[in-house]
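Peer 1: give the three-dimensional model of this entry:
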Amino acid sequence: MDEGIAAGARARQLALLLGIGLTTLQRWRRQFAGVGDVVDRRKGSHRYVAHRLSEEERQRILLTCNEPEFAALPPGQIVPILADRGLFIGSERSFYQVLHCHGQANRRGNCHSSGSAEGPQTDPGSCCALNIRSTSGQSTTSSIRRWMAAPSSS
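Peer 2: Predicted structure coming up:
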């Protein structure tokens, strides 16, 4: 880059040739030359938060959630149970954060999956609607309802 500019090329044309913006080219030249402010300015919180959970508190939440009594319960049920006993380890949100960090925030304990392997159950007495289009190609649709009666087994 510097060689091209020293040979008389314009910075804007060099940036176009490289397929980058002019400000990117200028920033790269400063960084590689070590001139000026070369501090990483990417966003992100590097500050100390006073109310952040300590490692000891995080371990206590994790151990509590993994006790046999609470292993099948979500944090929304664990925290009130502990509160009834007069214990406060952390908020419900703190429990979720710690569990998520350790890969345990998904369905906990003996709960079933959300999806059913079986299709929808149809009741023999349910109503079925059939749409029939006319053969002339018109968009008129008529609905026919059939009531299916289950045979009585008495």
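
Peer 1: next, the buried residues of the host helix or strand of residue 31.
Peer 2: Assessed by DSSP states H and E, residue 31 sits inside helix 22-33. For helix 22-33, a neighbour-count test (16 or more other C-beta atoms under 10 Å) marks residue 25 as buried. From N, CA and C alone the C-beta is placed, and that goes for glycine too.

Peer 1: list the helices and strands the next helix-or-strand element following it packs on?
Peer 2: Once helix 22-33 ends, the next helix or strand along the chain (criterion: DSSP H and E) is helix 55-65. Helices and strands touching helix 55-65, as assessed by 3 or more C-beta pairs under 8 Å, 6 or more residues apart in numbering; DSSP states H and E, comprise helix 75-84, helix 92-101.

Peer 1: run the angle between the last one and helix 55-65 for me.
Peer 2: Regarding helix 92-101 and helix 55-65, their directions subtend 90 degrees when assessed with axes from the mean of the first three to the mean of the last three C-alpha atoms, to 10 degrees.

Peer 1: now swap in the first one and tell me
Peer 2: In terms of direction (the same axes, to 10 degrees), helix 75-84 departs from helix 55-65 by 100 degrees.
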